[in-house]
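Participant: Okay, here's the prediction I keep looking at, along with the sequence it came from:
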Amino acid sequence: MLKEFRDFALRGSVVDLAVGIIIGAAFNGIVNSLVSDVIMPPIGWLTGGIDFSSLAITLPATPITPPGAPPVQISYGKFINAVISFLIVAWVIFMLVKGMNQLRKQQAAQPDPVPPGPTPDQVLLTEIRDLLKSRS
């Protein structure tokens, strides 16, 4: 069973998946920085300084709320940031896939290279082979 698991874990597709997950996690940090440090400040500036991540609706306390309990908030601003982050990731992946598809189309459109003819050594060996066949 251990051998079967090792063969499964070391198969190319599993290793490729692991590499993809690691790169995806690193890419997540880049996208989060892009959204929070590059995209959201100009949007906040255009909207008069609104910081989406701080937007929330605070629900009123109820009679059964324990005293001193923190207020319950619906943080829709964080959701807006998450949606923007998702759209950026989706756009980047779309552009990558589109670029890869264009490269594949270009490679498919190129004619196959003509295989090189035999080398002089190969021609000589072929002649020798043919002479030996004709003698027998």
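Facilitator: Yes, it's here. If you're wondering where the values come from, they're calculated on a predicted model, not measured in any experiment. Numbers count the residues shown, from 1 in each chain.

Participant: On the pLDDT front, check residue 99 for me.
Facilitator: As predicted, residue 99 sits at a pLDDT of 90.

Participant: Could you list the low-pLDDT ranges of this protein?
Facilitator: 12, 50 (pLDDT under 70).

Participant: Just the helices from it, written as ranges.
Facilitator: Taking DSSP state H as the criterion, the chain carries its helices at 2-9, 12-33, 40-46, 76-109, 120-135.

Participant: right, so of those helices, which gets closest to residue 61?
Facilitator: Proximity to residue 61 (C-beta to C-beta) singles out helix 76-109 among the helices of the chain, at 19.9 Å. Every residue, glycine included, has its C-beta placed from N, CA and C.

Participant: buried residues in that closest one?
Facilitator: For helix 76-109, a neighbour-count test (16 or more other C-beta atoms under 10 Å) marks 77, 81, 84, 85, 88, 89 as buried.

Participant: now do stretch 44-61
Facilitator: Under the neighbour-count criterion of 16+ other C-beta under 10 Å, stretch 44-61 has 52, 53, 55 buried.

Participant: So the second one versus residue 89, what's the distance?
Facilitator: By that I understand residue 53. Residue 53 sits 18 Å away from residue 89, taking C-beta to C-beta, to the nearest Å as the criterion.
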